[in-house]
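Peer 1: Below are the sequence and a predicted model for it; my questions follow.
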Amino acid sequence: MKYSKQATENYARYINNEECLEPLNQLIIDQACDEEIVTFNHDDVILNMDSVEERSADAEVRDLNKSMDSAFIVESAGGNREIVLVEYKCRMNGIRNLSVDELIDKVNGSTAILSNPPNTHEKYYFVYNSTIKEQVRSKLSRLIHRVPETYIALNLKELKEKFFD
Amino acid sequence: MAEVPDIRVLVKGFRAIGDADIIINGITVVAGENGSGKSSISKLLYFLYKTVAGYEEVVKRALFVSLRDFVRLAEIINHEVRTYSSPQNSNAIRREIFELMEALRGRNKIEVTADKLINLITSLETVYSNVLSNNAERTESKKADRVKRILYDIVDKKEGNEENEEEQIEELFAKVKALIKDRFTQADQAIELRPTSVFMSELQNIFTTNNLPERFEVQEYGSSIVALDKESLSIPYNIQNAIYIDSPMMFHAESSSNVHWDDLSELLGKKENNVHNISNIISNQIIQGDIVADEEYYSPEDFRFKRNDGKVFSLIDVATGVKSFSIIQQLLKNGSITDKTLMIIDEPESHLHPQWVIEYARIIVMLNKEIGCKFFLATHNPDMVSAIRYISEKQETLDKVNFYLAEKTEEKFKYNYTHLNKEIDPIFASFNIAIDRINQYGI
């Protein structure tokens, strides 16, 4: 399944959060994911899930929940669509501050405010710099009793290869 | 002045090692799959420093091994011709031979000199000549013939057809004595000139092969101190003793064919009782006890583990993890670990609970920081790698830490060692193949 700009924009409209769309390249810069020269198409857009959460919390008059950084729609050749949630942790330069609870809260926060259809993709993606990505993988795999195996650590290049190439 | 490494080790074309260029400034960690040559590097380093630091001992040991044939000859002559000698004389010589043989085996400290051996041979030559000149009985004559054959063998000469047997024997004994003198002279020269050949034959013995590395060179502050293609070995400054630990199970080996186990065992027996902060940390925070040696120490079996509640156990009977820490504790107590020590540890994580893996790493970092000893570690453990990396960073010693990964080359069974500097993620990528395999084979 690959990224669909059209489906992502349609979905943003569908959940009344069109103003939360933003260029993926901008989000990557904001999240300091500049370790590798990985660029996406300049007009690729994603839903900024922190903005969606802010709007949702305002509307529901509640405190902010934790949320993933972005969501976009992927589409199969047969036309099936899913929402992919991605968190960018490029500011981390060691695994000391890796908080499993935080990852779980972010996934829970974001899945709670998304409306179906389409379904949420079965895996959740966490982007780390290449210098620590394998260490995170190792740590997550050893916390399997706490971290669902659907939580995937990867780097920006792998994210691009998976959904955008 | 440009930044040059304290120690740089270059190995090429040896066993599984394709190419390795390794820096040791503080703690050096190598990772790689089984059979990638990590232990070969450990052994090369250990036996190098053992040879160069204890050079005189190595030469002396080789000399003593080569002298055993002469003492054995003396023993045989004395035994075979004892009826031609007075019992007092024969017994005195027997005692002398016994003491010399013990000294050659390193079991006593009697000084072995060329003169002492030559005098012994001379006195036996006299008795032996009497056997011949007295036209001995047939049985005795056969014994004398055997001795003659042995003499020929020792001087590496074919038996001749000389008519005059007395002259023949005189010549043989003269050659034996000349050989003894030669061996001592050669050893003196070797100590003086420090030829690399001594180290090369040590390596051939240890690895039981004549195939030595295509290249093996060790540099100190950028200058080559040892290279197999150099004529002589320099005297190292940075490292003056190396300690090689590959398994706490060495405690269970009364006598082993592993030279490094015997060396470690001997080192552990060194008696001194230094108090060191790190030793106290091991006692109080980790193993909850203390290693104590019996007054009469002969082997690692004579160690006791005194638990903090006062109970005492034979160290052989305690958990293997306790033994691992006890080795470090004893080496600290007896002053074997200094700022000029290279600790070579293969799989330091062996037998340790994950929590103790981290404690062991912590002790390594502290030993490096507080005492200044250097480490060469070969590991398969992600926690060990992480702990060395991040504890060193916190202790502000990371600048002297280097990580390496053995990576397969195009040639089958050959590995090149990639310098990762402080980056450990490539090591984790190799460890994480295990996670992929679990996903592949598991549910």
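Peer 2: Arrived safely, thanks for sending. Numbers count the residues shown, from 1 in each chain, chains lettered A, B, ... in the order given.

Peer 1: Count the neighbours of the spatially closest residue to residue B:23 that is not a sequence neighbour for me.
Peer 2: Using C-beta to C-beta, 6 or more residues apart in numbering or on different chains and skipping the chain neighbours, the partner closest in space to residue B:23 is residue B:5 (4.2 Å). For every residue, glycine as well, the C-beta is placed using N, CA and C. The tally of other residues near residue B:5 (other C-beta atoms under 10 Å in any protein chain shown) stands at 18.

Peer 1: tell me which parts of chain A are close to chain B?
Peer 2: A:94-96, A:130-135, A:137-138, A:141 (C-beta under 8 Å from any C-beta of the partner chain).

Peer 1: Kindly recompute the last result at 6 Å.
Peer 2: Taking C-beta under 6 Å from any C-beta of the partner chain, the part of chain A that reaches chain B is made up of A:131-132, A:134-135, A:137-138, A:141.

Peer 1: Return the member of those nearest to residue B:72.
Peer 2: Nearest to residue B:72 among the residues of chain A next to chain B, counting by C-beta to C-beta, is residue A:138 at 59.4 Å.

Peer 1: Look at the closest one and report its pLDDT.
Peer 2: Looking at residue A:138, its pLDDT is 91.

Peer 1: where does it land in three-state SS?
Peer 2: helix (DSSP: H, G, I helix; E, B strand; the rest coil).

Peer 1: separation between it and residue B:43?
Peer 2: As judged by C-beta to C-beta, to the nearest Å, residue A:138 and residue B:43 stand 30 Å apart.

Peer 1: same deal with residue B:171?
Peer 2: From residue B:171 over to residue B:43 (counting by C-beta to C-beta), the distance is 45 Å.

Peer 1: Which of residue A:138 and residue B:43 has more residues huddled nearby?
Peer 2: Per other C-beta under 10 Å, whichever of residue A:138 and residue B:43 has more neighbours is residue A:138, with 24 against 20.

Peer 1: tell me which parts of the stretch 301-443 of chain B are close to chain A?
Peer 2: Near chain A, when you scan the stretch 301-443 of chain B using C-beta under 6 Å from any C-beta, you find B:382, B:423, B:425, B:428-429, B:432, B:435.

Peer 1: just to revisit the earlier point, surely the residue nearest to residue B:23 is in contact with residue B:24?
Peer 2: No - look at residue B:5 against residue B:24 with C-beta atoms under 6 Å: they stay out of range, at 7.2 Å.

Peer 1: related to what we said a few turns ago, of all pairs in the residues of the stretch 301-443 of chain B next to chain A, which one spans the longest distance?
Peer 2: B:423 and B:435 (19.5 Å).

Peer 1: the more surrounded of these two?
Peer 2: residue B:435 (18 against 15).

Peer 1: Could you check which helix or strand contains the more buried one?
Peer 2: According to DSSP states H and E, residue B:435 maps onto helix B:433-441.

Peer 1: Pull the distance from that helix to the chain's centre.
Peer 2: Distance of helix B:433-441 from its chain centroid, counting by C-alpha atoms, centre = their mean, to the nearest Å, is 40 Å.

Peer 1: any idea how far residue B:353 is from chain A?
Peer 2: Distance, residue B:353 to chain A, using C-beta to the nearest C-beta, to the nearest Å: 15 Å.

Peer 1: Tell me which residue in chain B sits closest to chain A.
Peer 2: residue B:428 (3.5 Å; C-beta to the nearest C-beta).

Peer 1: Provide a list of residues in contact with that residue.
Peer 2: The contact partners of residue B:428, by C-beta atoms under 6 Å, 6 or more residues apart in numbering or on different chains, come to A:134-135, A:138.

Peer 1: Which single one of those is nearest to chain B?
Peer 2: Distances from chain B to the contacts of residue B:428, taken by C-beta to the nearest C-beta, are shortest for residue A:134, at 3.5 Å.

Peer 1: got any ranges where the stretch 101-250 of chain B has weak pLDDT?
Peer 2: Along the stretch 101-250 of chain B, segments meeting pLDDT under 70 span B:134-141, B:157-165.

Peer 1: How about the residues of it by chain A?
Peer 2: So the stretch 101-250 of chain B never meets chain A (C-beta under 6 Å from any C-beta).

Peer 1: now the helices for the stretch 101-250 of chain B?
Peer 2: B:114-133, B:138-154, B:165-193, B:196-206 (DSSP state H, counting those that start in this stretch).

Peer 1: contacts for the shortest one?
Peer 2: Where contact means C-beta under 6 Å, 6+ apart, the residues beyond helix B:196-206 that reach it are B:47, B:51, B:190, B:210, B:212, B:230, B:233.

Peer 1: which residue is nearest the middle of chain B?
Peer 2: Central residue of chain B (C-alpha atoms, centre = their mean): residue B:260, 4.5 Å from the mean position.

Peer 1: what about that one, helix or strand, and which?
Peer 2: helix B:259-268.

Peer 1: Could you identify the helix or strand that succeeds that helix?
Peer 2: With DSSP H and E, the next secondary element past helix B:259-268 is helix B:277-281.

Peer 1: Identify the residues contacting residue B:360.
Peer 2: Contacts of residue B:360 by C-beta under 6 Å, 6+ apart are B:348, B:352.

Peer 1: Report the buried residues of whichever strand or helix holds it.
Peer 2: If you go by DSSP H and E, residue B:360 is part of helix B:354-366. With burial defined by 16 or more other C-beta atoms under 10 Å in any protein chain shown, the residues of helix B:354-366 counted as buried are B:356-366.

Peer 1: what about the closest residue to residue A:7 other than its chain neighbours, which SS state?
Peer 2: Of all residues not flanking residue A:7 in the chain, residue A:73 sits nearest, at 3.8 Å (C-beta to C-beta, 6+ apart). What three-state DSSP gives for residue A:73 is strand.

Peer 1: Contact partners for residue A:73?
Peer 2: Applying C-beta under 6 Å, 6+ apart, the residues contacting residue A:73 are A:4, A:7-8, A:11, A:81.

Peer 1: Narrow those to those in strands?
Peer 2: residue A:81 (DSSP state E).

Peer 1: I'd like the contacts of residue A:73 written out as CSV, with pLDDT and neighbour count added.
Peer 2: Output for the contacts of residue A:73, formatted as CSV (pLDDT from 0 to 100; neighbours: other C-beta atoms under 10 Å in any protein chain shown):
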residue, pLDDT, neighbour count
A:4, 96, 18
A:7, 96, 19
A:8, 97, 24
A:11, 94, 23
A:81, 95, 18
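
Peer 1: now the end-to-end length of stretch B:275-292.
Peer 2: 13 Å (C-alpha to C-alpha, to the nearest Å).

Peer 1: Could you identify which of the residues of chain A next to chain B has the most neighbours?
Peer 2: residue A:135 (26 neighbours).

Peer 1: which helix is the longest one in chain A?
Peer 2: Taking DSSP state H as the criterion, chain A has its longest helix at helix A:100-113.

Peer 1: Any buried residues in it, and which?
Peer 2: Judged by neighbour count using 16+ other C-beta under 10 Å, the buried positions of helix A:100-113 are A:103-104, A:106-107, A:109-111, A:113.

Peer 1: To residue B:83, which of the helices of the stretch 101-250 of chain B lies closest?
Peer 2: helix B:138-154 (7.3 Å).

Peer 1: Throw the helices of the stretch 101-250 of chain B into CSV and include mean neighbour count and distance to residue A:20, thanks.
Peer 2: As requested, these are exported to CSV (neighbours: other C-beta atoms under 10 Å in any protein chain shown; distance: least, C-beta to C-beta, whole Å):
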stretch, mean neighbour count, distance to residue A:20
helix B:114-133, 17, 94
helix B:138-154, 15, 95
helix B:165-193, 15, 80
helix B:196-206, 17, 68
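
Peer 1: could those go into TSV alongside distance to residue B:61?
Peer 2: Shown next, in TSV, are the helices of the stretch 101-250 of chain B (distance: least, C-beta to C-beta, whole Å):
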stretch	distance to residue B:61
helix B:114-133	16
helix B:138-154	20
helix B:165-193	10
helix B:196-206	10
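
Peer 1: Relative to residue B:246, how far out is residue A:134?
Peer 2: Distance, residue A:134 to residue B:246, using C-beta to C-beta: 27 Å.
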